[in-house]
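Engineer: Sharing a sequence plus its predicted fold:
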Amino acid sequence: MLAGKASGSLRMAGGAPTEVDARLDDVNVVDPKARFTLAGLGGQLRWNAGAQAQASELRWDSGALYGIGLGAARFAFSSSGGELRLSAPAAIAALDGQLRLEQLHWRPREGGHGARFQFGLAVDRLDLGSLSQRLGWPPFTGSRPKRHPRPQVSPGITDEVSNGTIARHAVYPL
């Protein structure tokens with residue numbers, strides 16, 4: 001379900017998009033399968049295939065991901081060369097701790113290559129007991145003060161072990 005105001009423009013050249021400019025005002029998004037919700041989504045998102053960087057920003061008032069409440073967040077972006085990038089880290093309150101999106105790169109489908117999505121996430125003091133309860137997992141206790149490397153979403157699932165940290169890189173079709 002979508003509610004709120006949205007407007008935008010799309011420029012094309014040679015059958016391919018060259019520029020997107022979307023404006024959102026107090027948009028609420030509710031997944032019918034209850035996987036995620038966003039409330040008060042707003043701002044302007046700009047993407048371009050050209051060399052000149054374009055700045056934009058999105059924000060939300062609150063949200064949830066698989067029943068895990070998310071606090072207000074603001075995301076500053078820059079786009080050029082066909083890539084959308086997070087300009088500065090974004091903090092999101094969750095589970096009595098904080099998720100910090102440190103990097104985000106997105107590139108749309110191009111030629112014979114699928115869309116590419118890469119992000120870096122830091123986790124600070126999440127309540128693991130609350131997390132396991134919300135996800136229906138066996139009870140965990142404590143908090144998670146670890147930083148996770150930048151997973152790349154591309155074909156295949158790989159595990160990376162470094163300095164005692166295990167990272168799983170997974171595929172999410174776009």
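Structural biologist: Right, received. Where do you want to start? Numbering: from 1, shown residues only.

Engineer: Kindly check the end-to-end length of stretch 91-105 for me.
Structural biologist: This stretch, stretch 91-105, spans 17 Å end to end (Cα to Cα, to the nearest Å).

Engineer: Please state the mean pLDDT value computed over that stretch.
Structural biologist: Mean per-residue pLDDT for stretch 91-105: 92.

Engineer: Same check on stretch 4-11?
Structural biologist: So the average pLDDT for stretch 4-11 ends up being 96.

Engineer: Name the surrounding residues that touch it.
Structural biologist: 17-28, 41 (Cβ atoms under 8 Å, 6 or more residues apart in numbering). C-betas here are computed from N, CA, C, even on glycine.

Engineer: switch the cut-off to 6 Å
Structural biologist: 18, 19, 20, 21, 22, 23, 24, 25, 26, 27, 28 (Cβ atoms under 6 Å, 6 or more residues apart in numbering).

Engineer: In contact with the second one, which residues?
Structural biologist: Shown here is residue 19, whose contacts under the criterion Cβ under 6 Å, 6+ apart are 11, 48.

Engineer: can you pick the most crowded of the contacts of stretch 4-11?
Structural biologist: Looking at those with neighbours defined as other Cβ atoms under 10 Å, the largest count falls to residue 24 at 21 neighbours.

Engineer: is residue 99 in a bridge, and if so with what?
Structural biologist: Per DSSP bridges, the residues bridged to residue 99 are residue 92, residue 123.

Engineer: just how off-centre is stretch 19-28 within its chain?
Structural biologist: Computed by Cα atoms, centre = their mean, to the nearest Å, the chain-centroid distance of stretch 19-28 equals 16 Å.

Engineer: One more: stretch 14-34?
Structural biologist: Using Cα atoms, centre = their mean, the offset of stretch 14-34 from its chain centre is 13 Å.

Engineer: How about stretch 82-95?
Structural biologist: For stretch 82-95, the distance to the chain centre is 7 Å (Cα atoms, centre = their mean).

Engineer: One more: stretch 64-74?
Structural biologist: The answer for stretch 64-74 is 12 Å, by Cα atoms, centre = their mean.

Engineer: Thank you kindly, that will do.
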